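> Dropping the sequence and predicted coords here.
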Amino acid sequence: MDWSKRFQIISGIAKGLLYLHHDSRLRIIHRDIKASNILLDNNMNPKISDFGLARMLVGDHTKANTKRVVGTQ
Amino acid sequence: MDQMPHTIKHGKKDIDLPTLDLSTIDNATRSFSVNNILGEGGYGPVYKVTSLYLTNGTHSIIYFEYLSTFNHWGVLANGQEIAVKRLSKNSGQGLDEFRNEVVLIANLQHRNLVKILGCCVQEEERILIYEFMPNRSLDLYIFGLRLLLRFFCTLISAKIILT
């Protein structure tokens, strides 16, 4: 995989996260970001998947106490 | 995806997520056939059994191939390829995650988030339907070599068991 493709994937994941954290109607933290949860389409565009552990923040909150450590291997 | 008039109720708000009929998914995945298996779920490594048994006289070899966290792939009547995540019936934790995923992802749309096409809540089944991603997941590209190693270990242990 060449560097332009790599960069495209990295910035795509960052855009997805930015959308989750800031730009969407809901404020969402994913909590399980890892390589196996990043899927790649025909053109190698990255797509974040698996929202099973994700949390929604209410109102103006920018932090949540998630207490427990989560994640899947 | 024509036959989806229903939406799922969540609290007072309707979630704008189409529900698919179990029979539609059943058709698309050829009754959840072994050939359509993509993986075993989000817990631990996921494999696809490509050719079940290749018997050449003395030993049988099982081939495993690392794939993504989705259970099955299928093709809908209109030709669209789908990835299907099927909740195993005896996992309570999975049910919470299912609900969580439905509520969150149905409200999101972005070109860098995987698109959910619908879900199916029928009888005992809890199924999520996504668009199919032909290039699998990023870990295959990053950890490819390590996964290959694991593949050979599995192959060797399978050989030992079967001979």
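Perfect, thanks for sending it.

> how about the helices in chain A?
According to DSSP state H, chain A carries its helices in the segments A:3-18.

> show me where the chain has strands.
Defaulting to chain A. A:27-29, A:38-40, A:46-48, A:55-57 (DSSP state E).

> ah, no, chain B please
Here chain B has its strands, by DSSP E, at B:7-10, B:13-18, B:47-49, B:54-56, B:59-61, B:64-66, B:72-75, B:81-86, B:116-122, B:125-131.

> related to what we said a few turns ago, compile the strands of chain A into a markdown table and extend it with columns for distance to chain B, mean neighbour count and mean pLDDT.
C-betas here are computed from N, CA, C, even on glycine. Putting these into a markdown table (distance: least, C-beta to the nearest C-beta, whole Å; neighbours: other C-beta atoms under 10 Å in any protein chain shown; pLDDT from 0 to 100) gives the following:
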| stretch | distance to chain B | mean neighbour count | mean pLDDT |
| --- | --- | --- | --- |
| strand A:27-29 | 6 | 19 | 89 |
| strand A:38-40 | 4 | 24 | 90 |
| strand A:46-48 | 4 | 25 | 94 |
| strand A:55-57 | 6 | 15 | 83 |
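
> Now do the contacts for the closest residue in space to A:I28 that isn't next to it in sequence.
Excluding the flanking residues, the one nearest A:I28 by C-beta to C-beta, 6 or more residues apart in numbering or on different chains is A:L20, at 4.5 Å. Contacts for A:L20 were tallied using C-beta atoms under 8 Å, 6 or more residues apart in numbering or on different chains; they are A:R27, A:I28, A:I29, A:H30, A:I48, B:L108, B:L113.

> Which pair in those residues has the greatest spatial separation?
Within these, A:R27 and A:I48 form the most distant pair, 15.3 Å apart (C-beta to C-beta).

> and chain A, which residues reach chain B?
By C-beta under 8 Å from any C-beta of the partner chain, the residues of chain A that approach chain B are A:1, A:9, A:12-13, A:15-16, A:19-20, A:23-26, A:28, A:34-42, A:44-54, A:56, A:72-73.

> What's the ChimeraX line that selects buried ones from these?
What follows is the ChimeraX syntax for the buried subset of those, where burial is set by 16 or more other C-beta atoms under 10 Å in any protein chain shown:
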select /A:9,12,13,15,16,19,20,24,28,36,37,38,39,40,41,46,47,48,49,50,51,52,53,54,56,72
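
> distance of the residue nearest to B:Q122 when sequence neighbours are not counted from chain A?
Leaving aside its sequence neighbours, B:Q122 sits nearest to B:L22 (C-beta to C-beta, 6+ apart; 4.5 Å). Using C-beta to the nearest C-beta, to the nearest Å, B:L22 is found at 21 Å from chain A.

> and B:L22, how many neighbours does it have?
B:L22 has 14 neighbouring residues, counting by other C-beta atoms under 10 Å in any protein chain shown.
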